[in-house]
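Q: model the following, please.
(2 chains)
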Amino acid sequence: MENSRDPAAPLLEVRGISKSFGAVRALQEVDFTLRAGEIHALLGENGAGKSTLIKVVTGVFPRDAGVVRLGGEEVAPRSAKAALGAGIATVYQEVNLLPNLSVAQNLFLDRQPMRFGIVRDGEMRRRARALLADFGLDIDVAAPLGNYSVAIQHVTAIARAVDLSARVLILDEPTASLDRHEVEILFRIMRQLAGRGIGIVFVSHFLDQVYEISDRITVLRNGRLVGERETASLPRLELIRMMLGRELAETTSARASAGEHKPREVCASFENYGKTGYVTPFNLELRHGEVVGLAGLLGSGRTETARLVFGAERADRGQARVEGAAVRLHSPRDGVRHGFGYCPEERKTDGIVAELSVRENIVLALQAKRGLHRPLSRREQDEIARRYVRMLDIRPADPERSVGLLSGGNQQKVLLARWLATSPRLLVLDEPTRGIDVGAHAEIIRLIRELCDDGLSLLVISSELDEIVTYSDRVVVLRDRAHVEALAGEAIDVGNILAAIAADGAAPAHGAHA
Amino acid sequence: MRGLPPVLITAIVLVAGFALCAMQFPNIASTRVVGNLLTDNAFLGIVATGMTFVIISGGIDLSVGSVIGFTTVFVALAIERWGVPPLVAFVAILALSAAFGAAMGAVIHVFDLPPFIVTLAGMFLARGASFLLSTESVPITAPVYSTVSDFALRMPGGGRLTAVAIIMLVIVIGGALLLHLTRFGANVYALGGNRATASLMGVAVGKMTIKIYMLSSLLAGIAGIVFSFYTSAGYSLSAVGVELDTIAAVVIGGTLLTGGQGSVIGTFLGVLIQGLIQTYINFDGTLSSWWTKIATGVLLFAFIALQQGLVALARRPVAKSMGAAS
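A: Here you go, the predicted structure:
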C-alpha cells in the first residue's frame, strides 16, 4: 500500500471542518495541512478555534462538516483513544498521565510486558529506561511520576505517545509551565521526532518559541482560517496582524472623534504597581470620563493587569490611589468598596449565575456591597432591574428570566448592569465583546462610550484592535507581562499598536509608563 | 513498593503496640494469643482485602457488612432447612454475592453514580433480604462445621492456626499478589489516580469498575462463610457496622481514602492493630469493650492526619530538573 502513495502527499489533511456549539460557530470551514517531519505552529488568540480544531481532529468533539485524512486515508475517530489508535496523539498542557503511578507504569499502562499473568516489572523498567534514554532522560522509572517536574511529565507523555506509534503529535501549550532550559530540551526532542518523520502540531502563544522551532505557521481567527505561511518568510508584524487585525484600510477610518481635550480628574492611579512573576511593575493613571484600552497578545499580561487593578490579585509592590488617597486593594471586596467593578472574560464561569434570574444577577453586587443586614426590598430590586433592562435594552425585557437563557450579548449587558447598579467610579471590562454577535457588538461599544461620557472611568481589554482604537482615549500596549508602550490621541491606530506588540528583541525589563 | 512509608508507619505502630501490651501482660507474646487474634479477625481480614481494592480505585463499598450478614443466614438456612449440601450452598452464595457486586459496579459505571450512594443502597438491600429470610439466629449443626472448626495447625508454643485463619492468610497473600503484580492491580491504581485519564490511556474503566466491586462482594461472601464457621450460626443481625471497621482497617493500613495509593499488606496490619486493641482490653478485664472503638477512632484520626501531612509533603515540587548532568 506504500507505493501507491504520493510521497509529497501531506501526512494530516483537514478540509472544510465546521463546528458549532449551539448558536456559536466555533469553526467555519477550516483547512489545515501537516506534512511528515515538519513542526507546524497553530496560532490564534483566545476563541480563535485552536482547541476546538484539535478536539475535533482527535474525536473529542464530533464535527459538523469536513474531512480529516491521515496518510491519504480518511479517519473519523470517535474518541481521543480511537485517535491515538489511528496514530494521532495529543499532549495537553495539563499532562494526562497518572501522578500516583510509577513512570514505568505510566509508559506501559495496559500494555505491560507479561509472563504467566504477572507483570514483568524488571523488563518493564528496563524498557522504560531505554525509551526515556532516547529522549535524553535518565531518571528512576520506579518512582511515582508525580515526584518529577512538569517538564519530565511532558517528556514522559510524549514518549508514551511516540511509543504508541503516533505519526502525528499535537502539543497543546507544552511550554507554558517550563523554564528556559526545559524548553530547550523539549525543542531538541521535537526536532529529533520531526527528523524521524513524525508530524508535530505546536500550539503556543509564545511567538519567540514559534519562530525558533516551527517550519510553518497556520493562523486562525474567530473560527476561520486566516492563512498558512512558511515561518522563515513571515515577518513578525505580519503574523501579529494575521492574529489580531482585520484589513488595515477598514480600521483606520473607524476612530471616533476624540477631539475634546479637556483636562480630566484622576480617578485612580497605580505607581510602580506589580506582582512578582505575574506582571512587571507598571504606572497607570485612570481618569474620569476616559477609556483606557489594554492591547496585547494572549498571555501578555492584560487580564493580569486588570485583576491587579480590581484587587482580584494582590500586588506585592507599588501604591494604589483612589481620588488621590492611598488605598489597599487586597481583595475584590476592597475593589468594590472603593467603587470598582470588574466584568471578567469568562462570563459563564466567572461572571453570571446562569440559574438565577436577570433581576437577581443585576442586584448581586449591590446587595453584596450593602451587606447582609441591609437587604434590598423586592420593590427596590424590581425597580433597579427594570431600570437597567430598559437603559441597556436587555432582551427579552423580562427581569424574571434565567440569565442562562439569554444570548451572549444580553448576558454581557446583565453583567454591566450588575456593576452599574453599584454606581462605580471605575469599571474594568475584560473582552466585553467576546462571543457576541455583530449587532450586539456595536451596541456594547456604544454603551462603553456613553458610560464614559457620564464621567465613569473605564479600563477595557480587547483583542479586537479596531474596536480598541474606536473607543479608547489612551491605549496601553503589553508584551511579555510588561507595559511596553502608551499611545494617546492621534497616535492611536492599529498600525502603531501592532508595531508595539511586534517590536522584538530587547524589550525593556523595567516598568514602562502609561 | 508504592505507599511504603505509610505501611512502614503502620508496621511500627503495630510492633510498638504489641511490645507495650506484652510488657504489661507478658502472656500476650505467645503463639496462642496470636493464633486467636488471627482467628477472631479472619473475616475482617478477608473483607478488608476486598475493600482495599475498592478504596485504592477511588471508590467505597458500604454493603460488605450486610453481605456478610446475608451470607450467614443464607448458608444456615440452605444447610439446615433446605437440605442443601454445604459445598453447594457455599458455591451458590459466592456466585450470588459476586453477581451482587458486579451489579453495583455496573450501576456505578453506567449511571455514573457515586459509589457511596450505590453501595449504601446495596447495604440496605442485602440487610433487608437477610431479614426476609429469617429474623432469628439459625444454628448450623452440619458435620463439616465441626470438622472445620476443629481443624488447626499446631504452632510452636501451643498456638493453633485455625482453618479460618489459614483461609484469611491465603486471601491476604493472594490479594497482595493480585494488586501488586498483575495488570489488573496496576489498573486499580490507575482508576484511583484519575478515571478520565485512565480511560484515555486505554484502561477499560467500565469493566474494571464491575470487576472491582465484584471482587469486594465475593470476598465479603467468603468472609460471611468464615463468619458462619466462627459462630456456627446464621443471623441476620451479624456483622452490623463491619463495613466501617473494614474501612478503618484499610485507612489505618495506609491506603488513601481518595484512592490511588495503598497496599493489601498495610490493610492486614491495620486489621491486626484493631485485633490487638481488642486483645488488650480482654486481658485487662476491667475496661469496657467499647474502648476498642475509642482507640480505633483515635488511631484513625491520627492516620488520616498523618496521610494529609504526607500528601502535602509529596505535593511540594521536587527539585529534579531534566538533564541535570549538563
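Q: need phi/psi at the residue nearest to B:Ala163 when sequence neighbours are not counted.
A: Nearest residue to B:Ala163, sequence neighbours excluded (C-beta to C-beta, 6 or more residues apart in numbering or on different chains): B:Phe151, at 4.5 Å. C-beta: built from backbone N, CA, C; applies to glycine. Main-chain torsions, B:Phe151, degrees, to the nearest 10: phi -70, psi 130.
Q: excluding its backbone neighbours, what's nearest residue 164?
A: As the question left the chain open, I've gone with chain A. Nearest residue to A:Leu164, sequence neighbours excluded (C-beta to C-beta, 6+ apart): A:Leu84, at 6.1 Å.
Q: meant chain B actually
A: B:Ala42 (4.1 Å).
Q: what residue of chain A is the furthest out?
A: Most distant residue from the mean C-alpha position of chain A: A:Phe116, 50.1 Å away (C-alpha atoms, centre = their mean).
Q: check the gap between that one and B:Gly175 for me.
A: Counting by C-beta to C-beta, to the nearest Å, the separation of A:Phe116 from B:Gly175 is 18 Å.
Q: what does A:Ser149 give?
A: Applying C-beta to C-beta to A:Ser149 and B:Gly175 gives a distance of 35 Å.
Q: next: A:Leu225.
A: Distance, A:Leu225 to B:Gly175, by C-beta to C-beta: 56 Å.
Q: between these two, point out the one with more neighbours.
A: Ranked by neighbour count (other C-beta atoms under 10 Å in any protein chain shown), A:Leu225 and B:Gly175 place B:Gly175 first, with 25 against 21.
Q: surely that one meets B:Val264?
A: Yes. Using C-beta atoms under 8 Å, B:Gly175 makes contact with B:Val264 at a distance of 4.5 Å.
Q: list the residues that contact both of those two?
A: Listed as contacting both B:Gly175 and B:Val264 by C-beta atoms under 8 Å, 6 or more residues apart in numbering or on different chains are B:49, B:52.
Q: tell me how chain A divides into domains.
A: If you go by automatic domain parsing, the domain ranges for chain A are A:12-100+A:144-234, A:238-339+A:425-514, A:347-423.
Q: can you check the pLDDT for residue 5?
A: In the absence of a named chain, chain A is used. A:Arg5 carries a pLDDT value of 44.
Q: oops, I was thinking of chain B
A: We have a pLDDT of 70 for B:Pro5.
Q: hang on, it in a helix?
A: Yes. According to DSSP: H, G, I helix; E, B strand; the rest coil, B:Pro5 belongs to a helix.
Q: gap between it and chain A?
A: Distance, B:Pro5 to chain A, by C-beta to the nearest C-beta, to the nearest Å: 12 Å.
Q: ends of stretch A:115-129, what's the gap?
A: Chord length of stretch A:115-129, first to last residue, is 20 Å (C-alpha to C-alpha, to the nearest Å).
Q: do stretch B:250-270 as well
A: First-to-last distance for stretch B:250-270 - C-alpha to C-alpha - comes to 6 Å.
Q: likewise for stretch A:430-446?
A: Stretch A:430-446: ends 16 Å apart by C-alpha to C-alpha.
Q: phi and psi next, for the one residue sitting closest to the centre of chain B.
A: For chain B, the residue nearest the mean C-alpha position is B:Ala48 (0.8 Å; C-alpha atoms, centre = their mean). Dihedral angles of B:Ala48 (phi, psi; degrees, to the nearest 10) stand at phi -70, psi -30.
Q: confirm for me that it is in contact with B:Val271.
A: Yes. With contact defined as C-beta under 8 Å, B:Ala48 and B:Val271 form a contacting pair (5.5 Å).
Q: spit out the residues that contact those two alike.
A: Listed as contacting both B:Ala48 and B:Val271 by C-beta under 8 Å, 6+ apart are B:249, B:253.
Q: which SSE is A:Ser423 in?
A: A:Ser423 is part of no helix or strand, with elements assigned from DSSP states H and E.
Q: so where's the chain shaky on pLDDT?
A: Defaulting to chain A. A:1-9, A:23, A:46-47, A:245-263, A:348-349, A:435-439, A:504-514 (pLDDT under 70).
Q: looking at chain B here, not the other one
A: Within chain B, the stretches with pLDDT under 70 are B:1-4, B:307-308, B:310-326.
Q: now do the lengthiest helix in it: distance to the chain's middle.
A: Counting by DSSP state H, the longest helix found in chain B is helix B:205-231. Centre-to-centre, helix B:205-231 and its host chain are 9 Å apart (C-alpha atoms, centre = their mean, to the nearest Å).
Q: surely A:Glu228 touches A:Leu34?
A: No. Under the criterion of C-beta under 8 Å, A:Glu228 makes no contact with A:Leu34, lying 10.3 Å away.
Q: need the domains of chain A in a markdown table (columns: distance to B:Ile12).
A: Shown next, in a markdown table, are the domains of chain A (distance: least, C-beta to C-beta, whole Å):
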| stretch | distance to B:Ile12 |
| --- | --- |
| domain A:12-100+A:144-234 | 22 |
| domain A:238-339+A:425-514 | 41 |
| domain A:347-423 | 46 |
